[in-house]
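[1] Sequence plus the predicted model coming up.
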Amino acid sequence: MIIIKNRHEIKKMRNSGKLAAQLLNYIEPFVKEGVSTQYLNDCCETFTRKHGAKSAPLNYNGFPKSICTSINDVVCHGIPSEKEILKDGDIVNIDVTVILDGFHGDTSRTFLIGNVRTDVENLVKRTEKAMYLGINAVKPGGYFSDIGRVIENYISGFGYSIVKKYGGHGIGKRFHEEPFVAHYFTPENKIKLKKGMIFTIEPMINMGKSDAVNVSIIDGWTARTVDGSPSAQFEHTVLVTSDGAEILTKI
Ligand code: MF3
Ligand code: CO
Ligand code: CO
């Protein structure tokens with residue numbers, strides 16, 4: 001069942017979305033060569049608490065940290081660590097989710113560290129564009145499959161692959177609600193977009209041909225591309241309005 005949010009819930013989702021966006025803006029200047037992902041984690045945890053909120057990832061299905069930090073070939077769910085130091089040429093996705101007044105706000109961006117190879121930088125830029133194309137495809141009366149269709153149409157020309165195993169998700173009182181939002185075209189999916197639905201759009205795009213991901217048997221979370229190629233991701237939480245979509249995770 002896909003929950004339609006009422007105006008009180010929407011108001012709270014605007015607040016949590018805004019805080020998540022503020023958190024990403026706050027952390028951005030710290031995301032530089034030489035810092036550990038643990039340090040970024042701790043800064044985010046402190047900021048979140050100071051604003052009266054909680055970090056949703058912490059202890060979520062056993063996840064051990066407050067944010068996800070996914071470097072280069074890590075597709076998603078990278079675990080911050082003291083041992084992991086950002087270096088020149090890396091790309092790193094910082095994925096933050098806050099719980100404010102009982103409601104979740106979920107957003108991520110991929111940051112460039114120092115001098116990044118042009119082909120990798122292009123992957124990052126195109127992944128962000130793909131997310132916005134997906135968001136712009138949202139309107140009441142349309143279909144969830146419209147999102148994956150526009151993303152696939154755009155991405156297919158570059159020789160990249162769209163990750164299928166993970167997708168966007170409904171979000172509200174719970175971190176992950178129905179439906180699963182595919183970032184690839186699913187013509188058989190006839191679920192309609194309705195005003196008041198809130199979900200994330202968060203395409204993960206691999207530079208290589210394979211969309212497959214390997215989840216670490218060591219930590220149970222870190223998901224990597226099977227061919228070692230870089231992977232980029234951007235995420236916003238969006239609300240279906242009377243004529244389109246409103247991005248909740250922006251200031
Ligand atoms: N923020 C991620 C998402 O976009 C989910 C992270 S789950 C965690 O859905 F447990 F790894 F934190
Ligand atoms: Co999400
Ligand atoms: Co997220």
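    Yes, it's here. Ligands and ions are numbered 1, 2, ... in the order given.
[2] For the stretch 51-200 of the chain, what lies in contact range of ligand 2?
    The interface of the stretch 51-200 of the chain toward ligand 2, taken as CB under 5 Å from the ion, is made up of 106, 200. Every residue, glycine included, has its C-beta placed from N, CA and C.
[3] what's the next secondary structure element after the helix or strand hosting residue 8?
    Residue 8 is located in helix 7-27, with elements delineated by DSSP states H and E. Past helix 7-27, further along toward the C-terminus, the next helix or strand under DSSP H and E is helix 37-50.
[4] Quick one: distance of that next one to the chain centre.
    Between the mean C-alpha location of helix 37-50 and the chain-wide mean there is a distance of 18 Å, by CA atoms, centre = their mean, to the nearest Å.
[5] buried ones in it?
    Within helix 37-50, the residues that qualify as buried by neighbour count (16 or more other CB atoms under 10 Å) are 37-38, 40-45, 47-48.
[6] tell me which strands and helices that helix is in contact with?
    The elements that helix 37-50 packs onto, with contact taken as 3 or more CB pairs under 8 Å, 6 or more residues apart in numbering; DSSP states H and E, are helix 7-27, strand 54-55, strand 68-71, strand 91-100.
[7] who's in contact with the helix holding residue 8?
    Outside of helix 7-27, the residues that reach it under the criterion CB atoms under 8 Å, 6 or more residues apart in numbering are 5, 40, 43-44, 47-48, 51, 53, 94, 96-109, 171-173, 196, 198, 237, 239, 247-251.
[8] just the angle between it and strand 91-100, please?
    140 degrees (axes from the mean of the first three to the mean of the last three CA atoms, to 10 degrees).
[9] Residue 194: neighbour count?
    A total of 12 residues lie near residue 194 under the criterion other CB atoms under 10 Å.
[10] Show the contacting residues for it.
    2, 4, 140, 240.
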